[in-house]
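Asks: A structural model of the following input is requested.
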Amino acid sequence: MRLPDRGETWASDIQQMFSRIAHRYDFINRLMTLGQDVGWRKEVIQACNLQKGGKILDLGSGTGDLANEARNQYHGCQVVAADLTLAMMQVGRSRYSTNQLDWCAADASCLPFPDATFEAVVSGFLLRNVGDIHACLKELMRVLKPDGIMVALDTTRPPKNLLSPVINLYLRVIIPWMGGWISGDRQAYTYLPVSTRFFLSAEVLGYYFIQAGFRQVEFKRLMFGSIAIHWGKK
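Replies: Numbers count the residues shown, from 1 in each chain. Alright, predicted model coming up:
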């Protein structure tokens, strides 16, 4: 299976898929990563190094896990959780009180924020799902303040090594079976591992950051190379 073409209906297709699995998404993430994603999110937020009074945008926030971690780590900072899928945000709003996070419906390629609004922008498993990564990264650059930081947690194409057969079995068989069984939506949990296998390598995504104008771009691989954290400064 290959990823579908990212044409005119891409955004609505992705939105519908995440709407269907919103109620079980976080639980299945904990299972699929053996709980490691909680630590990854903490690492993403720590990398922002926000000062008191700073503003941080969690783009593609989903149910708000990253945004809530930012609120926990940086008291006195303004945290905005933005996503295109209302169903995901509704789950998050029911979990966190409305005065803890500012929620916003937003398209990653056309953000409703003025230039130079945020000291930091973070994302968790967003970039593999956007229709135009170049446009998205340019928007993130636009809304960042000078010297602001972008930190992205995402899947990445794992490098070939001795563990490749095991990783491929996990991505092609176990995740679709487990996710489909728990969520009742096998199609969604076939797409998600496929999007990992056919997404950009960590090196290429880092190059995309540089093309968008980010400097001091670096990345760190996790989970046998199938996950990466990228960061760069404006």
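Asks: Compute the first-to-last residue distance for stretch 48-59.
Replies: Here the two ends of stretch 48-59 are set 14 Å apart, with distance taken as CA to CA, to the nearest Å.
Asks: which outside residues touch that stretch?
Replies: 64, 66-67, 70, 73-83, 106, 108, 111, 113, 117-124, 126, 140, 143, 149, 151 (CB atoms under 8 Å, 6 or more residues apart in numbering). (Glycine included, C-beta is placed from N, CA and C.)
Asks: SS state for the residue lying closest to D83 once chain neighbours are set aside?
Replies: Spatial nearest neighbour of D83, excluding adjacent residues (CB to CB, 6 or more residues apart in numbering): S61 at 4.8 Å. Secondary structure, DSSP: H, G, I helix; E, B strand; the rest coil: S61 is coil.
Asks: hang on, S61 packs against V79?
Replies: No. Checked against CB atoms under 8 Å, the pair S61 and V79 is beyond contact range at 9.4 Å.
Asks: Do a quick rundown of the strands in the protein.
Replies: 55-59, 78-83, 102-105, 118-124, 144-155, 215-222, 227-233 (DSSP state E).
Asks: Output those in TSV, with distance to S201 and mean neighbour count appended to each entry.
Replies: Shown next, in TSV, are the strands of the chain (distance: least, CB to CB, whole Å; neighbours: other CB atoms under 10 Å):
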stretch	distance to S201	mean neighbour count
strand 55-59	22	27
strand 78-83	26	24
strand 102-105	31	15
strand 118-124	18	26
strand 144-155	11	20
strand 215-222	10	14
strand 227-233	9	22
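Asks: And those strands: which comes nearest I133?
Replies: Closest approach to I133 among the strands of the chain is made by strand 144-155 (10.2 Å; CB to CB).
Asks: low-confidence ranges in this structure?
Replies: 1-11, 13-19, 21-25, 27-28, 31, 97-99, 161-164, 166-167, 169-198 (pLDDT under 70).
Asks: about what we covered before: need the strands of the chain in JSON lines (columns: distance to D37).
Replies: As requested, the strands of the chain are exported to JSON lines (distance: least, CB to CB, whole Å):
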{"stretch": "strand 55-59", "distance to D37": "14"}
{"stretch": "strand 78-83", "distance to D37": "17"}
{"stretch": "strand 102-105", "distance to D37": "21"}
{"stretch": "strand 118-124", "distance to D37": "8"}
{"stretch": "strand 144-155", "distance to D37": "8"}
{"stretch": "strand 215-222", "distance to D37": "9"}
{"stretch": "strand 227-233", "distance to D37": "8"}
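Asks: of all those, which lies closest to R30?
Replies: The nearest among those, by CB to CB, is strand 118-124 at 13.4 Å.
Asks: Setting aside sequence neighbours, what's the nearest residue to D26?
Replies: In space, D26 is closest to T63, 5.6 Å off (CB to CB, 6+ apart).
Asks: isn't the one you found right up against W103?
Replies: No. Between T63 and W103 there is no contact under CB under 8 Å: 10.6 Å.
Asks: shared neighbours, the two?
Replies: Joint contacts of T63 and W103 (CB under 8 Å, 6+ apart) are M89, G92.
Asks: Quick one: the helices in the chain, in order.
Replies: 10-21, 25-32, 36-46, 65-73, 86-95, 133-143, 164-169, 175-183, 188-197, 202-211 (DSSP state H).
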